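Enquirer: quick one, fold the following:
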Amino acid sequence: MMRVFLAIYICFCMNLIAEETPTTPEAALKRLMTGNERYVHDALLHPDRTYERRQELKVSQNPFAIIVGCSDSRVSPEIVFDQGIGDLFVVRLAGNVIDPVALDSIYFAAQNLGASIVVVLGHENCSAVSAVLHHNDKDIPDIAKLIQPAVTAAEAEKSANPLQSAVKMNVRMVVEQIKKFNSIPELMGKKKIDVIGGYYHLGSGEVELIK
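Expert: Numbers count the residues shown, from 1 in each chain. Purely as a prediction, here's the structure:
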């Protein structure tokens, strides 16, 4: 019985690894969340990390998703979503903030590389957001300026968990910034791309989608 199960599982894994690049926001999100589910349950496939994959991507890339994340060492998108080389276009700054350079990077991938979804990924116990929340941000003045509006808005909510509220508010605000940048609204209108938020739970490894 175990051999049969193992054979089925291996076939499933091979089909998953060989699947085509998602071309719609819905398909891209499904692939990300399926990968995160594998990560949560310690069933990683480590797809797209072979010699053949490296050769395939020598000339060009076609990432299916753009991840705007925090620089935190505990939140590596390729691991969290169990993806491989060439799958994700990643933009990372402390506090998952965005500046003009980050926005240009996001837009470049959306316009030229075929990505179908942008995920702004905040996370539990974010040190950058915590520093702003507790007025201990003298070492990150430029980042603090970008996070402060979210902290102010979150404080007005008087949440039982101020840090979590501030992190999620920061994600929502970054999502709205991206949605308004350059021709992203036009791409969204044509349903070629979507921009959503996520919140990563450090203990469980789960990515919670934010609305």
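Enquirer: could you pull out the helices for this structure?
Expert: 2-17, 25-40, 51-56, 77-80, 100-112, 127-133, 141-157, 162-179, 184-189 (DSSP state H).
Enquirer: who wins for proximity to residue 207 among those helices?
Expert: Nearest of these to residue 207, taken as C-beta to C-beta: helix 25-40 at 4.7 Å. The C-beta positions use only the backbone N, C-alpha and C, and glycine is treated the same way.
Enquirer: contacts for the closest one?
Expert: 19, 22, 44-45, 64-65, 79-83, 115-117, 119, 191-194, 196, 204-207, 209 (C-beta atoms under 8 Å, 6 or more residues apart in numbering).
Enquirer: what about these, which are in strands?
Expert: Counting by DSSP state E, the contacts of helix 25-40 place 65, 117, 119, 194, 196, 207, 209 in strands.
Enquirer: so can I have TSV of those showing pLDDT and neighbour count?
Expert: Rendered in TSV, the data for these read as follows (pLDDT from 0 to 100; neighbours: other C-beta atoms under 10 Å):
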residue	pLDDT	neighbour count
65	98	25
117	98	23
119	98	26
194	98	18
196	98	19
207	98	24
209	98	12
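Enquirer: just to revisit the earlier point, next, format the helices of the chain as TSV and append mean neighbour count, mean pLDDT and distance to residue 71.
Expert: Output for the helices of the chain, formatted as TSV (neighbours: other C-beta atoms under 10 Å; pLDDT from 0 to 100; distance: least, C-beta to C-beta, whole Å):
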stretch	mean neighbour count	mean pLDDT	distance to residue 71
helix 2-17	10	48	29
helix 25-40	19	98	19
helix 51-56	11	96	25
helix 77-80	20	98	11
helix 100-112	16	96	12
helix 127-133	22	98	8
helix 141-157	17	97	10
helix 162-179	21	98	14
helix 184-189	15	96	23
